[in-house]
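**Q** Compute the structure for the input listed below.
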Amino acid sequence: MNIKLLVVTLFAILTLFACNQGVDSPQGFSLPKGNIVKGEAAFMKYQCLACHSLENYSVNRDDYELITKEFKQPIPLGGTSAVVTTYAQLVTSIINPSHKIAKKANLSEEVTNEDGSSKMRIYNDVMTVSELIDLVAFLQPKYKIKPPTYTQYNRY
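**A** Predicted coordinates for the structure are as follows:
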C-alpha cells in the first residue's frame, strides 16, 4: 500500500513540476530595465490618457486638450491596492489587453466588446519593445500596496 502511495505522490510531483517547465513557461523570460522618462514620453505619444486616468499625474493644459477622450469614465491606472500589480501583469495588459479584464461593474460594458474582449487598441505592431519596457517602468511605481486592515476583536 505504501508503494502505491509513493508512486502516486511521485507522479503528482513530477506532473506539477513538468507544468512549469513546458515550452509555454515564462521561466527565464526577462526584459531589460526601462527608462521612466522615456516611458512617460511613450505614455503621452500613445495618448493613454484618452482611455485611462493615472493617479497623481497631471499634464499641461495644451497637451491635455490634444487628447480625445474615449470613455465617459476613464479606466484608472496606478493607485493603492491590497493586490500586487506585477511587472509581468503590466506587460501582459499592454500586449494582450483581453487576457484579464478588471471586474468593475461600472466600467465593464463600456470597455469590452460584445464578445467580452477588451476595446483597448492593440499596440503590438506600433509600439517598439523599448517603448513597452519604458512604459512599464513609468507605470510600475504608480501602483502602491496597502495591506488590508482587519477588524480587531476582543478576546472573550
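**Q** What are the contacting residues of stretch 130-148?
**A** 31-36, 38-43, 45-46, 54-57, 77-82, 84-85, 87, 90-91, 94-95, 123, 127 (Cβ atoms under 8 Å, 6 or more residues apart in numbering). Any C-beta I mention is one placed from the backbone N, CA and C, and that applies to glycine too.
**Q** one more time with 6 Å, if that's ok
**A** Residues outside stretch 130-148 that contact it (Cβ atoms under 6 Å, 6 or more residues apart in numbering): 31, 34-36, 38-40, 42-43, 78, 80, 82, 85, 90-91.
**Q** Hmm, Lys119 is touching Val111, no?
**A** Yes: the pair Lys119 and Val111 passes the contact test of Cβ atoms under 6 Å, sitting 5.4 Å apart.
**Q** Which of the two has more residues huddled nearby?
**A** Val111 (19 against 15; other Cβ atoms under 10 Å).
**Q** Report the contact partners of that one.
**A** By Cβ under 6 Å, 6+ apart, the neighbours of Val111 are Lys119.
**Q** From Phe71, how far off is it?
**A** 7 Å (Cβ to Cβ, to the nearest Å).
**Q** Over to Tyr46?
**A** Tyr46 sits 16 Å away from Phe71, taking Cβ to Cβ as the criterion.
**Q** tell me the strands in the protein, going along the chain?
**A** 52-54, 75-77, 79-81, 143-145 (DSSP state E).
**Q** quick check: mean pLDDT across stretch 145-156?
**A** Averaged across stretch 145-156, pLDDT comes to 75.
**Q** picking that back up, want to try a markdown table for the strands of the chain, with distance to Glu131 and mean neighbour count as columns?
**A** Output for the strands of the chain, formatted as a markdown table (distance: least, Cβ to Cβ, whole Å; neighbours: other Cβ atoms under 10 Å):
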| stretch | distance to Glu131 | mean neighbour count |
| --- | --- | --- |
| strand 52-54 | 16 | 17 |
| strand 75-77 | 16 | 17 |
| strand 79-81 | 23 | 11 |
| strand 143-145 | 20 | 13 |
